[in-house]
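J.: Quick one, what's the 3D model for this:
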Amino acid sequence: MGTVLRIGLVIDDGLDKPDGVQQIVLTLGRRLAELGHEVHYVTSTTERTELPNLHVLGRTVSVRFNGNRLRSPLPARRTDVRRLLAEVPFDVLHVTMPYSPLLAGRVVSAASPRTAVVGQFVIYPQDRLTRWGIRALGLAERRRLRRFDAITALSEAARESVREAYGRDVPIIGGPVELGGGDGAAAGGGAAAVGGAAVGGAAVGRAEKAGPAVDAPSGADDRPVRIVFLGRLVERKGPRELLAAVAAMPATRPWTLTLAGRGPLLDELRDRARAAGIADRVDFPGFVAEEDKAALLAGADVVALPSTGGESFGMSVVEALADAGGVVLAGDNPGYRTPMAGLEDQLVDPRDTAAFARTLARWVDDPAARTAARAPQRAAAQRFEAGEITAQTLAWYEQAIATRRANAHPAGTRPAR
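T.: You can find the predicted model right below:
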């Protein structure tokens, strides 16, 4: 391993929720720490206590933003920020963007001139008001944004948002997803260059090692084809559209539907299934623990994740690509196009019920095609294996640190260490 870095992962929201952004921060932090780097989490209200080097700089209030419920920080005390930065001389601060001027913004402003500041833009605005708000924030923060040594985006969709809000063209580093198996590229292999569009890598994880599931998907036998949805039962994830599409398929087709997850639409979806006369084919197992997701996906003939929008990346899509026993169908939205690159014929328009039903019927009728879909899906998932993404992130850090220290110490001077 090269130089040990002291890294601050800065996120305005707390780290208690199991949402995608929190999982990205926690997975990256865990992988960096496993490589021997000193990782600190700089955040707002967080109740969990098992995280090492956790620095809670403020409280939060609940707000609705970009179709999600999240917590926005109240102002962090500047004395607390200065004390933390004096006690921990960070090599790099990695800020989740867009950020609040009241917490992450204050950390950035107080950072040492020797500390590299990098940011990763992680959202894709799904409505005009949110896009306007991000542009306004970019204008208000343009002076502080000059302090950032490098910015990346989580996906092509997020990159478009950076162009629109900040007028910058930035590289993409996807979200790190634990696919199991070996050490991945973070140990030193794989592509580490930061520059183009989506990431690539040679890491070998569970997606390449997985054998047949115990509850294997149906093939040429007479068992019904199992269609699985795994996610929150909320409007934008598309469970209504999926239910309408399966109801529109001819009743003679043998299928079952599992809508796994919790959310405010649960009772409504049960009522819709009864009204459509398909309640006996649809089950609602509720929350699925992290350790049980792979088995659920491996037992699926068709995994349907028909999100209608508001997605910036799609970690659930990557997990499905790695573990599904059959084909993965995903909503054709900007965020999902990054993990589904190369698999565009498996994108669907969830709101076109007739077309969605025809697509489902085609895959239900073709077990050979479902089996053939597995290899390219697993290859697609490997691009986001956590070790590979960590390697790319470290290369990005090192570039930013070199730039920062070159600018902080002009030619002919020697920086003190």
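
J.: can you give me the strands in this structure?
T.: Read by DSSP state E, the chain holds these strands, from start to end of the chain: 6-10, 38-43, 54-56, 60-65, 68-73, 92-97, 116-121, 150-153, 225-230, 255-260, 282-286, 302-305, 327-331, 347-348.

J.: a markdown table for the ones you listed, including distance to Ala244?
T.: In short, each C-beta sits where N, CA and C put it, glycine included. What follows is the strands of the chain, written out as a markdown table (distance: least, Cβ to Cβ, whole Å):
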| stretch | distance to Ala244 |
| --- | --- |
| strand 6-10 | 41 |
| strand 38-43 | 40 |
| strand 54-56 | 44 |
| strand 60-65 | 26 |
| strand 68-73 | 24 |
| strand 92-97 | 35 |
| strand 116-121 | 34 |
| strand 150-153 | 33 |
| strand 225-230 | 13 |
| strand 255-260 | 11 |
| strand 282-286 | 12 |
| strand 302-305 | 12 |
| strand 327-331 | 14 |
| strand 347-348 | 12 |
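
J.: Between those, which one is closest to Val21.
T.: Among these, the nearest to Val21 by Cβ to Cβ is strand 92-97 (6.3 Å).

J.: who touches the closest one?
T.: Contacts to strand 92-97, defined as Cβ atoms under 8 Å, 6 or more residues apart in numbering, come from residues 5-12, 21, 25, 42, 104, 107-108, 111, 115-122, 148, 151, 393, 397, 400-401.

J.: Buried by neighbour count, from these: which ones?
T.: Burial by neighbour count, judged by 16 or more other Cβ atoms under 10 Å, picks out 5-12, 21, 25, 42, 104, 107-108, 111, 115-122, 148, 151, 393, 397, 400-401 from the contacts of strand 92-97.

J.: hang on, the earlier thing: nearest to Glu141, of the strands of the chain?
T.: strand 92-97 (9.8 Å).

J.: Tell me which residue is most central in this protein.
T.: The centroid of the chain falls nearest to Met315 when counting by Cα atoms, centre = their mean (4.1 Å).

J.: who's in contact with that one?
T.: Gly20, Gln23, Ile24, Gly175, Val177.

J.: Which of those residues ranks first by neighbour count?
T.: Neighbour tally across those (other Cβ atoms under 10 Å): the maximum, 28 neighbours, falls on Val177.

J.: circling back to that earlier point, reformat the strands of the chain as TSV; add distance to Arg358 and mean pLDDT.
T.: Supplementary listing: these in TSV, determined by distance: least, Cβ to Cβ, whole Å; pLDDT from 0 to 100:
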stretch	distance to Arg358	mean pLDDT
strand 6-10	45	98
strand 38-43	46	97
strand 54-56	50	95
strand 60-65	35	60
strand 68-73	31	61
strand 92-97	40	97
strand 116-121	36	97
strand 150-153	34	96
strand 225-230	14	98
strand 255-260	14	98
strand 282-286	20	97
strand 302-305	13	98
strand 327-331	12	98
strand 347-348	10	98
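
J.: Arg374: which of these is closest?
T.: Distances from Arg374 to each of the strands of the chain were compared by Cβ to Cβ, and the smallest falls on strand 327-331, at 8.0 Å.

J.: can you list the residues that contact the closest one?
T.: For strand 327-331, using Cβ under 8 Å, 6+ apart, the contacting residues are 238, 301-309, 311, 314, 317, 320-321, 336, 339-340, 343, 346-350, 359-360, 363, 369-370, 373, 377.

J.: Repeat the analysis, applying 6 Å as the threshold.
T.: Under the criterion Cβ atoms under 6 Å, 6 or more residues apart in numbering, residues 238, 302-307, 317, 320-321, 336, 340, 346-348, 350, 363, 370, 373, 377 lie in contact with strand 327-331.

J.: and if you look at stretch 84-91?
T.: By Cβ under 6 Å, 6+ apart, the surrounding residues in contact with stretch 84-91 are Leu5, Arg6, Gly8, His55, Ala110, Thr115, Ile401.

J.: Tell me where the model's unsure across the stretch 51-200 of the chain.
T.: Low-confidence regions of the stretch 51-200 of the chain, defined here as pLDDT under 70, cover residues 61-72, 126, 180-200.

J.: that older thread, can you name the two of the contacts of Met315 that sit furthest apart?
T.: Greatest spatial distance among the contacts of Met315 (Cβ to Cβ): Gly20 and Val177, at 10.1 Å.

J.: So Leu28 sits against Pro176, correct?
T.: Yes. Using Cβ atoms under 6 Å as the test, Leu28 is close enough to Pro176 to be in contact (5.4 Å).

J.: neighbour count winner among those two?
T.: Neighbours were counted for Leu28 and for Pro176 using other Cβ under 10 Å; Pro176 has more, 30 against 22.

J.: who's in contact with the more buried one?
T.: Applying Cβ under 6 Å, 6+ apart, we find Pro176 in contact with Thr27, Leu28, Ala386, Ile389.

J.: Just the ones of these in helices?
T.: Those of the contacts of Pro176 mapping onto helices are Thr27, Leu28, Ala386, Ile389, per DSSP state H.

J.: Please report which of those has the highest neighbour count.
T.: Among the ones in helices among the contacts of Pro176, where neighbours are counted by other Cβ under 10 Å, the top count belongs to Ile389, at 27 neighbours.

J.: From Phe284, how far out is the closest residue to that residue other than its chain neighbours?
T.: Closest residue in space to Ile389, ignoring its immediate chain neighbours: Pro176 at 3.9 Å, by Cβ to Cβ, 6 or more residues apart in numbering. Applying Cβ to Cβ, to the nearest Å, the value for Pro176 to Phe284 is 30 Å.

J.: Thank you, goodbye.
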